[in-house]
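Student: I would like the atomic coordinates for the input below:
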Amino acid sequence: MSPIAFLAHLGRAVLTALAALGRLSLFAFSTLAHMLRPPFYPREFFSSLLNIGWLSLPVVGLTAVFTGGALALQIYSGGARFNAESVVPQIVAIGIVRELGPVLVGLMIAARVTSSIAAEIATMKVTEQIDALVTLSTHPMKYLVAPRVAAALITVPLLVAVGDIIGIAGGYVVATENLGFNAAAYIKNTVDFLELNDVVSSLVKGCAFGGIAATMGCYYGMQSGRGAQGVGAATKSSVEAAAILILAANFVLTGMFFSL
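Tutor: The predicted model follows:
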């Protein structure tokens, strides 16, 4: 390939990526505008609250408790090499609250909720239900997208808070039952070590990750192609994009909260 052809190919790829980023940004701004302006659809909103929040609790709880337990075992094993086994409560707490809790909850939401939203909206597009909404003078963005994104912005931080508590509890059970830690001392070390900034960063990350997960599901659902293949492609792309953006946002937010 000649240098000119290579540059042309690279330029097309960059322009395509920038165009996709522009469409996504416009979609996100449009979603925010529809969330703030009436009419509102409380039935869709509360249905999304139930689906995103309550029905996600089992997978979030199981993920958090096993992660907390495994983290306690790993830290104890690693700390034993330096006679630093006593740091288990502190490292479990900060690891769960700052990083593992928000990220794992975000990825679980991306796997469960983003795929569900994308498949649902893509199927509605394929079966022309979205066209029917337009015919009934109902804006699809206001009826389908805004309630789901608003519900995710509210519920995912709560899920992160629950996941943090359950994850720390998982580490507590493993440490006190298997590793010989004193229960009262473990709890005291956990409470004393955590700072308000750690908790705030965890909840802010949860809000950002929830918005990303719901927006990606809605965006790719609305952009779906026709037929079953289009629905499948939209679902796959939504989960991939949500997971990558969640990890990228985690890096940015971590730098903002804990930069030296």
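Student: What is the helix or strand containing Ala19 packed up against?
Tutor: According to DSSP states H and E, Ala19 maps onto helix 3-36. With contacts taken as 3 or more C-beta pairs under 8 Å, 6 or more residues apart in numbering; DSSP states H and E, helix 3-36 sits against helix 146-177, helix 196-222. Glycine gets a C-beta too; all of them are placed from N, C-alpha and C.
Student: Spit out the contact partners of the closest residue in space to Phe257 that isn't next to it in sequence.
Tutor: In space, and not counting its chain neighbours, Phe257 is closest to Ser201: 4.2 Å by C-beta to C-beta, 6 or more residues apart in numbering. Each residue near Ser201 by C-beta atoms under 8 Å, 6 or more residues apart in numbering is listed here: Arg98, Leu253, Thr254, Phe257, Phe258.
Student: how close does Ser201 sit to Phe82?
Tutor: 28 Å (C-beta to C-beta, to the nearest Å).
Student: Could I get the average pLDDT for stretch 37-51?
Tutor: The average pLDDT within stretch 37-51 is 91.
Student: got it, and stretch 137-146?
Tutor: The average pLDDT within stretch 137-146 is 90.
Student: mind listing what's buried in the helix or strand following the helix holding Ala19?
Tutor: Going down the chain from helix 3-36, the next helix or strand is helix 42-52, by DSSP H and E. For helix 42-52, a neighbour-count test (16 or more other C-beta atoms under 10 Å) marks Glu44, Phe45, Ser48, Leu49, Asn51, Ile52 as buried.
Student: Would you reformat the residues you listed as JSON lines and include distance to Leu144?
Tutor: Shown next, in JSON lines, are the buried residues of helix 42-52 (distance: C-beta to C-beta, whole Å):
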{"residue": "Glu44", "distance to Leu144": "8"}
{"residue": "Phe45", "distance to Leu144": "11"}
{"residue": "Ser48", "distance to Leu144": "10"}
{"residue": "Leu49", "distance to Leu144": "15"}
{"residue": "Asn51", "distance to Leu144": "13"}
{"residue": "Ile52", "distance to Leu144": "14"}
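Student: Isn't Thr123 up against Val231?
Tutor: Yes: counting by C-beta atoms under 8 Å, Val231 is a contact partner of Thr123 at 5.7 Å.
Student: three-state assignment of Phe181?
Tutor: Under DSSP: H, G, I helix; E, B strand; the rest coil, Phe181 falls in the coil class.
Student: still on that earlier bit, report the two of the contacts of Ser201 separated the most.
Tutor: Using C-beta to C-beta, the contacts of Ser201 reach their maximum pairwise distance at Arg98 and Leu253, which is 10.2 Å.
Student: Please tell me how far Val103 sits from Ser259.
Tutor: Distance from Val103 to Ser259, by C-beta to C-beta: 18 Å.
Student: do the same with Ala70
Tutor: With C-beta to C-beta as the criterion, Ala70 and Ser259 are 29 Å apart.
Student: Not counting sequence-adjacent ones, nearest residue to Val145?
Tutor: Residue nearest to Val145 in three dimensions, not counting chain neighbours: Cys218, with 4.3 Å by C-beta to C-beta, 6+ apart.
Student: What confidence value was assigned to that neighbour?
Tutor: If you check Cys218, the pLDDT there is 94.
Student: same thing with Ala228?
Tutor: Confidence at Ala228, expressed as pLDDT, is 81.
Student: That one: what's it in contact with?
Tutor: Counted by C-beta under 8 Å, 6+ apart, Ala228 has contacts Val126.
Student: Where does it sit, in terms of helix or strand?
Tutor: Per DSSP H and E: Ala228 is located in helix 227-258.
Student: Where does pLDDT dip in this structure?
Tutor: Within the chain, the segments meeting pLDDT under 70 span 1, 260.
Student: tell me the domain ranges of it?
Tutor: By the assignment in automatic domain parsing, the chain contains the domains 1-37, 41-258.
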